[in-house]
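Undergrad: here is a sequence together with a model predicted from it:
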Amino acid sequence: MPELPEVETTRRGLDAVISGHQLKAIRVHHHQFRWPVPANLNETLQGYTLQACLRRGKYLLLQFEHGVLIIHLGMSGSIRRVAPGEFLLKHDHVEFIFDNAEFRLNDPRRFGAVLWHPAKTGNIQSHTLLANLGIEPFDPQFTAAYLHQMLQNRQSAIKTVLLSGDIVVGVGNIYASESLFRARINPKTAAGSISLARCKRLHQAILQTLNAALESGGSTLKDYTGTNGEVGAYFEIHAAVYDKAGLPCKVCATPITKIIQGQRATYYCPKCQRY
DNA sequence: CTTTAACCCTGGAGGC
DNA sequence: TGCCTCCAGGGTTAAA
């Protein structure tokens, strides 16, 4: 369920508290995630100091001197800070015990992941899960021209292509619909047929949508470093079209339409987003 | 190469 | 109250 703004807020919350601190123990209570959690994680990591908490797409990267702990929150994952020794909640599957704070990964559906990537080869992003990801939306190299170029020869619907994450990462199912509404582009439009001028609108729309979510989320979670604060609680999302089927469009009052694309729900205004 | 669909899993909502 | 079906903000993987 977390989209990129939630993951980024989680990253900032973790980085502010535990970077530079020693990991005393990891306790894994459920090993079956998308892939099995490595059995000897505690032996691999205890006593090591977390150098930095990074992010690539929706993957959290906890960097240690001998490798990277890769964490993905999947559809239902969240990380929260707990008081030392606090009782376990249902679906608290992994405990991270640092010398100054404790965090827990809670994930009911277990679509997420916890993986260890040894840094023998140098590049921390050399893991196969990270190697083929699209560009970061806030990277200066993500431009309208780049977007336009990458859409060439893609016959699939623009919504599906945005969601695939091989052009730009971090645009999840909510913000794909929201970005296309803001850009006034029909989600069914063939990606390769979108002009450079319209790609400029879409590029701006993606950045504005993600930035707005980050700002509202950051203010919602301003206490995220406090002792009982959430690190990555889900934001209250201010959507214009997502989950608004049948409700009037904010711009023209036409009822919002819901369709299914690639087995995922898409919402749009059939009048504002005609092409 | 691009595109499509199955699949991993739990829980909440709504119909009956 | 229970049972059933559908749906969920992700993304890898195999197959076409």
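TA: That came through fine.

Undergrad: which residues touch whatever residue of the stretch 51-200 of chain A ends up closest to DNA strand C?
TA: The stretch 51-200 of chain A approaches DNA strand C most closely through A:G172 (2.4 Å), counting by CB to the nearest atom of the strand. (C-beta placed from N, C-alpha, C; glycine too.) Taking CB atoms under 8 Å, 6 or more residues apart in numbering, we find A:G172 in contact with A:3-4, A:58, A:163.

Undergrad: switch to 7 Å and redo it
TA: For A:G172, the contacting residues are A:3-4, by CB atoms under 7 Å, 6 or more residues apart in numbering.

Undergrad: A:L54 too?
TA: Applying CB under 7 Å, 6+ apart, we find A:L54 in contact with A:61, A:63.

Undergrad: go again with 8 Å.
TA: By CB under 8 Å, 6+ apart, the contact set of A:L54 is A:11, A:60-63, A:124.

Undergrad: what segments of the stretch 151-275 of chain A are strands?
TA: Along the stretch 151-275 of chain A, the segments classed as strands by DSSP state E, counting those that start in this stretch run A:257-261, A:264-268.

Undergrad: give me whichever of these is most buried.
TA: The highest average neighbour count among the strands of the stretch 151-275 of chain A, using mean count of other CB atoms under 10 Å, belongs to strand A:264-268 at a mean of 21.

Undergrad: quick one: A:V241 and A:S177 touch, right?
TA: Yes. The pair A:V241 / A:S177 is scored as a contact, 5.4 Å apart, by CB atoms under 8 Å.

Undergrad: which neighbours do these two share?
TA: A:267-268.

Undergrad: which parts of chain A sit against DNA strand B?
TA: Counting by CB under 7 Å from any atom of the strand, chain A comes close to DNA strand B at A:32, A:34, A:76, A:90-91, A:108-111, A:153-156, A:160-161, A:191, A:262-263.

Undergrad: for DNA strand C, tell me which of these show up nearby.
TA: A:34, A:109, A:111, A:263.

Undergrad: out of the residues you listed, which is nearest to A:A16?
TA: Nearest to A:A16 among those is A:F111, at 26.7 Å by CB to CB.

Undergrad: residues near the closest residue to the closest one other than its chain neighbours, how many?
TA: Distances taken as CB to CB, 6 or more residues apart in numbering place A:G74 nearest to A:F111, at 3.2 Å, with adjacent residues excluded. A:G74 has 18 neighbouring residues, counting by other CB atoms under 10 Å.

Undergrad: relative to A:N153, how far out is A:G74?
TA: Per CB to CB, to the nearest Å, A:G74 is found 31 Å from A:N153.

Undergrad: the nearest residue to A:P187 once chain neighbours are set aside and A:I206, how far apart?
TA: Nearest residue to A:P187 in three dimensions, chain neighbours excluded: A:K159, at 3.6 Å (CB to CB, 6+ apart). A:K159 sits 12 Å away from A:I206, taking CB to CB as the criterion.

Undergrad: of those two, which one has the most company?
TA: The neighbour comparison of A:K159 against A:I206 (other CB under 10 Å) goes to A:K159, with 27 against 24.

Undergrad: which residues touch that one?
TA: Applying CB under 8 Å, 6+ apart to A:K159 gives the contacts A:176-177, A:180, A:187-188, A:261-262, A:266.

Undergrad: surely A:H238 meets A:T209?
TA: No. Contact criterion CB under 8 Å: A:H238 and A:T209 do not qualify, at 10.2 Å.

Undergrad: higher neighbour count, those two?
TA: Between A:H238 and A:T209, A:T209 has the larger neighbour count (other CB under 10 Å), namely 26 against 10.

Undergrad: that one contacts A:A183, correct?
TA: No. In this structure, A:T209 is not within contact of A:A183 by CB under 8 Å, at 9.3 Å.

Undergrad: what secondary structure does A:R104 sit in?
TA: In three-state terms, and counting by DSSP: H, G, I helix; E, B strand; the rest coil, A:R104 is strand.

Undergrad: so who does it touch?
TA: Going by CB under 8 Å, 6+ apart, A:R104 touches A:79-80, A:82, A:88-89, A:92, A:94-96.

Undergrad: hmm, which of those are the buried ones?
TA: A:79-80, A:82, A:92, A:94-96 (16 or more other CB atoms under 10 Å).
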